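Based on what follows, work out the 3D shape:
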Amino acid sequence: MRVACCRVPNLPLAAALRAHPEFAGAPLAIASGPDARAEVVAVSPEAERRGVRCHTTLAHARSVCGALHVRVASPALEGAARQALLDAALGSAPRAELAPRLSGPWGAEACAFVDAAGVEALHASETGFASALVARAGKLGLPACAAVASGRAVARLAARRAAAGEVHVLTPHKESTFLAALPLEIFDPDDATLEKLTRFGVRSTRDLLRLPRRALATRLGPRVLELIALARGALREMPLAPAPEGRLVEAADLEFAVDRIEPLVFVLGGLLSRLLARLEARHLACSALQLRLTLETGGRDARRVGLAAPTLDRRVLVRLLTQALESSPPAAAVESAALEAERSPLRADQLDLFRPAGPAPNALGRVVAGLQALCGEGRIGSPAVADDHRPERFEITSPGASLACKVRKTRAAHETPRLATRALRPPVAAQVQLRGSHPVQVRSALAHGAVVHAAGPWRTTGGWWSPETRWAYDHFDVLTSDGILSRLRFDHVRRAWHIDAIYD
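Next up, the predicted model:
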């Protein structure tokens, strides 16, 4: 089994820079809170060069660097960044999973494990696959490194030895040599075990493996056996399973409550940009948006913004969000916002060898979504006959199901051509002379003359339980002497004749 580990060394810093790219290259510190006694949990390289260190108070960090920018650690941003790392992994292979969160010295890292079996067919080598994985994470705003080894644990250790942007590939026969030179701290043992091993003079993996396993287990407990198995590269691991269908959510906690639409749309635009980048990394499109707002009064505002066709066009989606907020503004100021995308696969078109290519399905979907932003929800689509016995009933179907170009079947020469029915709405009034129960003369603005041929009647009724919806029609197909073939209708409720369609 070959496994790749894509690692982000400093997730709090990466999450903050992913949401606020304007701080890139500036001295930045991530604090646990806004007050002066809050602890600094992450610092940027520029801030570190100016003397700012982690695990100090915010007041001390500001005294060291007067130009320091401070952001409060956001669980929402960090959670979205972790999921974005998984999206980068799933865009490279179908089997991937996030590593559990750790505490202690390695608590700031985030790792995703990816199935690297057989990647040479697409990337020429495992090094190429790891480089593509790092590049895909970088497009999502996550500075990562990657390593490939024979298991999750060894790949993670190798990724910890790589700098940001680097890749490290361990062949099976080189893993033992690599592990032997590692310090014990990189294995993240518990504090008690590390303290006892240090007291015994054990500093590296090589020192640990020289000691007898049974004696170590007797003196240090069963936890040291897992550490030894990890140091030997012999830790038993389950194969990677296909990733479950998770939610694609981007969220942000606002620094102050927002009570106007314009700044709220600006915040949602940033969430949407990051959300669309994650969808594109997984070759997906957005088919609908779920917007959840936390209000200053403690209430919540949840709404769904539907799309006429899946798209990745940020401009169209921002316009739809703006329309949804302007038509029904939040009841109070907004303190936090979350945006979730309902996904659908990017459409592909099967071309025909003997017909010209039609419009690209994704480009057509973008146009349809833009038309919905202009016309409103439910006003874009194609008319279709409704599955209903009532006459003149039709419905507007979503164009998403018919975006792909379909090849028309050529009609066989022996097939009888079908007549086209042109419905008249509203129907045209007519004067009809009867002989018995059949029309013999028609006078109207469309057809005028004696009835040459007639067929019918065909009676349809319904809505009898309500005077407002009750209807009862007798339909005749008539050909008049002026050559017009029309559909004649007698309305039993209104006692009137009409022509409601003509045949071509």
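
Tell me where the stretch 201-350 of the chain has helices.
205-209, 213-220, 223-232, 261-281, 314-327 (DSSP state H, counting those that start in this stretch).

Tell me the helices and strands packed up against the third one.
It refers to helix 223-232. helix 175-180, helix 191-199, helix 205-209, helix 213-220 (3 or more Cβ pairs under 8 Å, 6 or more residues apart in numbering; DSSP states H and E). For the C-beta atoms, the positions are set from N, CA and C on the backbone; glycine is no exception.

ok, back up a step: mind checking the helices of the stretch 201-350 of the chain for the one nearest to residue 64?
Comparing those by their distance to residue 64 (Cβ to Cβ), the top pick is helix 261-281, with 30.3 Å.

Output the below-cut-off pLDDT ranges for the chain.
The chain contains residues with pLDDT under 70 at 348-351, 357-366, 369-370, 372-374, 376-378, 391-392, 398-417.

let's see 80
Where the chain drops to pLDDT under 80, the residues are 200, 221, 233-235, 243-246, 308-309, 346-420, 464, 467-469.

How is this structure divided into domains?
Domain ranges of the chain: 3-170, 179-232, 248-407, 421-503, per automatic domain parsing.

could I get the ones you listed as a markdown table with mean neighbour count?
Listed next are those as a markdown table, based on neighbours: other Cβ atoms under 10 Å:
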| stretch | mean neighbour count |
| --- | --- |
| domain 3-170 | 19 |
| domain 179-232 | 15 |
| domain 248-407 | 16 |
| domain 421-503 | 15 |
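
Kindly reformat the ones you listed as CSV and extend each row with distance to residue 240.
Output for the domains of the chain, formatted as CSV (distance: least, Cβ to Cβ, whole Å):
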stretch, distance to residue 240
domain 3-170, 4
domain 179-232, 18
domain 248-407, 17
domain 421-503, 58
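
tell me the contacts of residue 183?
203, 204, 205 (Cβ atoms under 8 Å, 6 or more residues apart in numbering).

repeat for residue 341
If you count contacts by Cβ under 8 Å, 6+ apart, then residue 341 has 248, 249, 275, 276, 279, 286, 288, 289, 290 around it.

quick check, nearest of the residues you listed to residue 486?
Distance to residue 486 across those (Cβ to Cβ) is lowest for residue 288, with 44.2 Å.

so that closest one touches residue 340, yeah?
No - Residue 288 is beyond contact range of residue 340, at 9.1 Å (criterion: Cβ atoms under 8 Å).

Name the residues contacting each of the two.
If you check residue 288 and residue 340 against Cβ under 8 Å, 6+ apart, no residue is contacted by both.

okay, the helices and strands packed on helix 223-232 in TSV with distance to residue 315 next?
Formatted as TSV, the helices and strands packed on helix 223-232 follow (distance: least, Cβ to Cβ, whole Å):
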stretch	distance to residue 315
helix 175-180	49
helix 191-199	53
helix 205-209	54
helix 213-220	61
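
To residue 167, which of those helices lies closest?
helix 175-180 (14.3 Å).

Show residues contacting the closest one.
With Cβ under 8 Å, 6+ apart, helix 175-180 has contacts from 149-150, 154, 157-158, 170, 204-206, 209, 231-233.

circling back: tell me which of the helices of the stretch 201-350 of the chain lies nearest to residue 12.
Closest approach to residue 12 among the helices of the stretch 201-350 of the chain (Cβ to Cβ): helix 261-281, 16.3 Å.

Restricting to C-alpha, output the closest one in PDB.
Presented in PDB, the C-alpha positions along helix 261-281 are these (Å, rounded to 0.1, in the frame of the first residue of the first chain):
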ATOM      1  CA  ILE A 261     -26.700  44.500   2.800                       C
ATOM      2  CA  GLU A 262     -23.600  45.900   1.000                       C
ATOM      3  CA  PRO A 263     -20.900  44.900   3.500                       C
ATOM      4  CA  LEU A 264     -22.700  41.600   4.100                       C
ATOM      5  CA  VAL A 265     -22.500  40.800   0.400                       C
ATOM      6  CA  PHE A 266     -18.800  41.700   0.400                       C
ATOM      7  CA  VAL A 267     -18.300  39.100   3.200                       C
ATOM      8  CA  LEU A 268     -20.300  36.500   1.300                       C
ATOM      9  CA  GLY A 269     -18.300  37.200  -1.800                       C
ATOM     10  CA  GLY A 270     -15.200  36.100   0.000                       C
ATOM     11  CA  LEU A 271     -16.900  32.900   1.200                       C
ATOM     12  CA  LEU A 272     -18.200  32.200  -2.200                       C
ATOM     13  CA  SER A 273     -14.700  32.600  -3.900                       C
ATOM     14  CA  ARG A 274     -13.200  30.000  -1.500                       C
ATOM     15  CA  LEU A 275     -16.200  27.700  -1.900                       C
ATOM     16  CA  LEU A 276     -16.000  27.800  -5.700                       C
ATOM     17  CA  ALA A 277     -12.300  27.100  -5.600                       C
ATOM     18  CA  ARG A 278     -13.000  24.000  -3.600                       C
ATOM     19  CA  LEU A 279     -15.700  22.900  -6.100                       C
ATOM     20  CA  GLU A 280     -13.400  23.400  -9.000                       C
ATOM     21  CA  ALA A 281     -10.600  21.400  -7.300                       C
END
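
Residue 308 against residue 382, yeah?
No - using Cβ under 8 Å, residue 308 makes no contact with residue 382, being 10.7 Å away.

from the contacts of residue 341, which is closest to residue 488?
Using Cβ to Cβ, the contacts of residue 341 come closest to residue 488 at residue 288, 45.6 Å.

Quickly note the distance from the closest one to residue 264.
20 Å (Cβ to Cβ, to the nearest Å).

For residue 163, which three-state class applies?
coil (DSSP: H, G, I helix; E, B strand; the rest coil).
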